[in-house]
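Enquirer: Return a 3D structure for these sequence lines:
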Amino acid sequence: MGFSLLGTLMALILLAPSLLMIKFPPENVPSGLRDAGPIYTLLERAGQLGCIGILAISQDNFQQVKFGVIAVFIVLIIAIYYGLWVRYIVKGQQFKLLWDPLVFIPIPMAVLPVCAFGLAAIWGKSIWLSIAVVCLAIGHLANSWHSYKYTKDQ
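Expert: Residues are numbered from 1 along each chain as shown. Sure, this is the predicted structure:
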């Protein structure tokens, strides 16, 4: 246990695009939209904080990792995720773009970061990060799917 530069960088790289919402807030947000429920929101927030915190203090888990297949997949997922953020900004920050499917991936802007965190847990062999990712997945995917369905039905 101790500060992990690699873990902190992974957390920041995955969460930084969300800060774009401050500068580029979504347009055409449906009125009346709410989260899927307080339990999902609580799990989502706990998962986010857990993923960030655990990655930041996971020196032992990421000190000896090798750049291999899992790392390549993490980089690929992050590149696609960033591409979706570019799409969101270039196409006018439309709220529905946050949820639009990508080929066969539903709600990709929710699925991809969860997958990247999950692969980081496998790569670093961290059970604690895995637990945080499961919390994040349940909450974030439920809330995102709820927003997607609400937007689609409007």
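Enquirer: what's the distance between the residue nearest to residue 56 when sequence neighbours are not counted and residue 58?
Expert: Leaving aside its sequence neighbours, residue 56 sits nearest to residue 8 (CB to CB, 6 or more residues apart in numbering; 4.7 Å). Where C-beta positions appear, they are placed from N, C-alpha and C, glycine not excepted. The gap separating residue 8 from residue 58 is 9 Å, by CB to CB, to the nearest Å.
Enquirer: packing partners for the longest helix along the chain?
Expert: Ordering each helix of the chain by length in residues (DSSP state H) puts helix 127-153 first. In this structure, helix 127-153 packs against helix 38-56, helix 108-123, with contacts taken as 3 or more CB pairs under 8 Å, 6 or more residues apart in numbering; DSSP states H and E.
Enquirer: Could you find the closest non-adjacent residue to the residue nearest the centre of the chain?
Expert: Ranked by distance to the mean C-alpha position of the chain (CA atoms, centre = their mean), the top residue is residue 113 at 3.0 Å. Spatial nearest neighbour of residue 113, chain neighbours left out: residue 14 (5.0 Å); criterion: CB to CB, 6+ apart.
Enquirer: Can you tell me the element the one you found falls in?
Expert: Secondary structure from DSSP states H and E places residue 14 in helix 5-15.
Enquirer: May I have that helix as PDB, with CA atoms only?
Expert: Taking Å, rounded to 0.1, in the frame of the first residue of the first chain, the C-alpha atoms of helix 5-15 are listed here in PDB:
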ATOM      1  CA  LEU A   5       1.500   7.300  -9.700                       C
ATOM      2  CA  LEU A   6       0.300   4.900 -12.400                       C
ATOM      3  CA  GLY A   7      -3.000   4.200 -10.500                       C
ATOM      4  CA  THR A   8      -3.600   7.900 -10.000                       C
ATOM      5  CA  LEU A   9      -2.900   8.600 -13.600                       C
ATOM      6  CA  MET A  10      -5.400   5.900 -14.700                       C
ATOM      7  CA  ALA A  11      -8.100   7.400 -12.400                       C
ATOM      8  CA  LEU A  12      -7.500  10.900 -13.600                       C
ATOM      9  CA  ILE A  13      -7.400   9.900 -17.300                       C
ATOM     10  CA  LEU A  14     -10.700   8.000 -16.900                       C
ATOM     11  CA  LEU A  15     -12.500  10.700 -14.900                       C
END
